[in-house]
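# Provided below are the primary sequence and the corresponding predicted coordinates.
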Amino acid sequence: MKKRVLSVLLAIVMVVGMFPVTAGALPAPHTHPVCGATHSDIGNHTGACGDITWTAWDGTGTPSGNVYLTDNVTLTESLIISSGTVNLCLNGKVLRISENAIIGAVIEVSEGATLNICDCRTTEHKFSPDESGLWVLDEENGTKSVSGGVITGGNTTIGSAINSNGTLRIYGGNIVGNHAISRAVVYSTGAEFS
C-alpha cells in the first residue's frame, strides 16, 4: 500500500512538473525618438528621426546621455546640466523642486551644455490655483489639469523652471506652476532656446 501511495504521489509531481512555468517578464526597453513618442517635425527638428534607447533615472545623481523618469521626482536642489548633451524624457511624470530647496530653479543648463526635453506619455496631472492664481500640484483635489509630464515648483528671482546659459530644446511636456519675479518659465542668456 505504501508503494502504491508513493507511486501516485511521484506521478502527480511529475505531471505538475510538466506544466509550463511563466517567468517574470522583463520590462520592455524604453525606446522612442528624441522628440517624443513618435517623430514630429518641430522647429529645425525635421526629417527622419530614429528611435533611441533610454536609461531609467530616478532623480538621484546627475543624469547623462538619454534618460527617462521612472516615477515622479522631487529634487532637493536644482538639476544642473553642466556639460555634454542630456536627453530627458519626462515619461508623463512630474519633475519638481522641493519647497525647501536653497536654489529655486528646477533645472539649470550651463554654458556649453545641451538639454533636450521630451515627453512620451499623456498622464493627467491635477493642479489647484493658490491665492495668487499660480497653479500648484494637487493630484487628489485639483480642479485644473494638464496631460503629460510636468516641470513645476520652481521659485526664484529669474528663470524658476529652467535657467539656461547653454542649449535648451523642449519638444514636449508641460511647464506649470513656477514662480519668479521675472521670466518664471525659461530664462536664457546668450543661449539657444527652442
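Noted; the coordinates are in hand.
# contacts and neighbour counts: CA atoms only from here.
Will do.
# OK, contacts around the residue nearest the centre of the chain?
Centroid-nearest residue in the chain: L90, 2.4 Å away (criterion: Cα atoms, centre = their mean). L90 is in contact with 68-69, 117-120, 149-150, 173, counting by Cα atoms under 8 Å, 6 or more residues apart in numbering.
# what about it, distance to G142?
Using Cα to Cα, to the nearest Å, we find L90 at a distance of 21 Å from G142.
# next one: S40
Using Cα to Cα, S40 is found at 31 Å from G142.
# pick the one among the contacts of L90 closest to W135.
Nearest to W135 among the contacts of L90: V150, at 11.9 Å, using Cα to Cα.
# partner residues bridging the closest one?
Judged by DSSP bridges, the bridge partners of V150 are V94, N174.
# so it is in contact with N91, correct?
No. In terms of Cα atoms under 8 Å, V150 does not count as a neighbour of N91; the distance is 9.4 Å.
# show me where pLDDT drops low in this protein?
1-28, 102-104, 158-160, 182-185, 188 (pLDDT under 70).
# change it to 90
Confidence mapping of the chain against pLDDT under 90 gives the ranges 1-29, 37, 40-49, 76-78, 97-111, 131-134, 152-168, 175, 177-194.
# quick one, helices of the chain?
2-17 (DSSP state H).
# pick the one among the contacts of L90 closest to E192.
Nearest member of the contacts of L90 to E192, counting by Cα to Cα, is I117, at 13.8 Å.
# so the closest one makes contact with R169?
Yes. The pair I117 / R169 is scored as a contact, 6.3 Å apart, by Cα under 8 Å.
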